[in-house]
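Visitor: Below are the sequence and a predicted model for it; my questions follow.
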Amino acid sequence: MGEGGDRIVWVGHATVLIELDGVRLLTDPVLGPWVGPLRRQGPMPPPEVGRDLDAVLVSHLHRDHLDLRSLRRLGAGAPLIVPAGTRRFFAARGFDQVVELAPGESHALGPVRVTATAADHAIGRRGVAAAPLGFLVEGTRRLYFAGDTDLFDDMAAIGAGGLDLALLPVWGWGPTLGPGHLDPARAAHAAALLSPRIAVPIHWGTFYPAGLARLRPRPLTDPPREFAARAQVLAPGVETRVALPGGAVALG
């Protein structure tokens, strides 16, 4: 692909296709029409999203980030890069190409290096206690995928080397947010701490409880606009690009 094709595609929720230096990575793939009681509100992801992947990055084990059906649809070709302590969880479900990372540890994929970062979010899935992750993706450009997180002490250090792009969660999957998440105001604060060249709001407007969209639609549309307005004040040097599901953002 080469440097000229470097881009991200926001597939929806926390699922992002990263194309950097000819390497294709997919974060937290949730590719189906529903997750438990949540229903997809936008278009289904196109099949090519999951083709020719070099790795799949899994930030944590909550079901709106780790969907086993989606992982099985991707096939067995690409390794999973997952939080330390979860190898047995994945092996028991038939996934044997697994790379565990703890915060600060890295894995090389050709010209691209993936480094796990800390995250402030509830841990684990029933029977598995594993610290959640974000990921720093470094090649000719540096990208940060926050996973699912609130603000944390070392967030500013992630941007200390310069970031070309930060993928920041700005909401969730319902009308309210619990602890361990960024809302638009806190995500704008994160943008100020990280100081990326470009910030793209993710984790909004994709999944919502069945039947609730007609009654309380604003969480499906307002968070990225509020984030962009607040970031303009708190992080005026950061360019905010709001993408709809399936939308691409070039890194050139």
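Guide: Nice, thanks for sending it over.

Visitor: low-confidence ranges in this structure?
Guide: Within the chain, the stretches with pLDDT under 70 are 1-4, 124-127.

Visitor: the strands in the stretch 151-252 of the chain, which residues?
Guide: Taking DSSP state E, counting those that start in this stretch to define them, one finds strands in the stretch 151-252 of the chain at 165-169, 198-202, 207-209, 239-240, 247-250.

Visitor: Of all the ones you listed, which one is nearest residue 108?
Guide: strand 165-169 (20.2 Å; Cβ to Cβ). For every residue, glycine as well, the C-beta is placed using N, CA and C.

Visitor: May I have the phi/psi pair for the residue of the chain most remote from its centre?
Guide: For the chain, the largest distance from the centre (Cα atoms, centre = their mean) belongs to residue 215, which lies 27.6 Å off. As for residue 215, its main-chain torsions (degrees, to the nearest 10) stand at phi -90, psi -40.

Visitor: what sits against it?
Guide: By Cβ atoms under 8 Å, 6 or more residues apart in numbering, no residues touch residue 215.

Visitor: What distance do you get for it to residue 209?
Guide: Residue 215 is 10 Å from residue 209, where distance means Cβ to Cβ, to the nearest Å.

Visitor: wait, residue 40 sits on residue 210?
Guide: No - contact criterion Cβ atoms under 8 Å: residue 40 and residue 210 do not qualify, at 10.5 Å.

Visitor: Neighbour count: the two, which is higher?
Guide: More neighbours surround residue 40 than the other of residue 40 and residue 210, with 19 against 10 (other Cβ atoms under 10 Å).

Visitor: is the more buried one in a bridge, and if so with what?
Guide: Beta-bridge partners recorded for residue 40 (DSSP bridges): residue 207.

Visitor: Any figure for the gap between it and residue 246?
Guide: 12 Å.

Visitor: overlap in contacts of the two?
Guide: With Cβ under 8 Å, 6+ apart as the test, residue 40 and residue 246 both reach residue 12.

Visitor: Tell me where the chain has helices.
Guide: 68-74, 87-91, 155-158, 184-194, 222-234 (DSSP state H).

Visitor: Out of the ones you listed, the one nearest residue 112 is which?
Guide: Between those, helix 155-158 lies closest to residue 112; by Cβ to Cβ that is 16.7 Å.

Visitor: and the closest one, what does it pack onto?
Guide: If you count contacts as 3 or more Cβ pairs under 8 Å, 6 or more residues apart in numbering; DSSP states H and E, helix 155-158 packs onto helix 184-194.

Visitor: how about stretch 66-73: buried residues?
Guide: Buried residues in stretch 66-73, counting neighbours by 16 or more other Cβ atoms under 10 Å, are found at 66-67, 70-71.

Visitor: gap between the two ends of stretch 69-80?
Guide: 14 Å (Cα to Cα, to the nearest Å).

Visitor: Please apply the same query to stretch 190-206.
Guide: First-to-last residue span, stretch 190-206, Cα to Cα: 22 Å.

Visitor: before we move on, what about stretch 178-189?
Guide: 18 Å.

Visitor: so how far is it off the chain centroid?
Guide: 14 Å (Cα atoms, centre = their mean, to the nearest Å).
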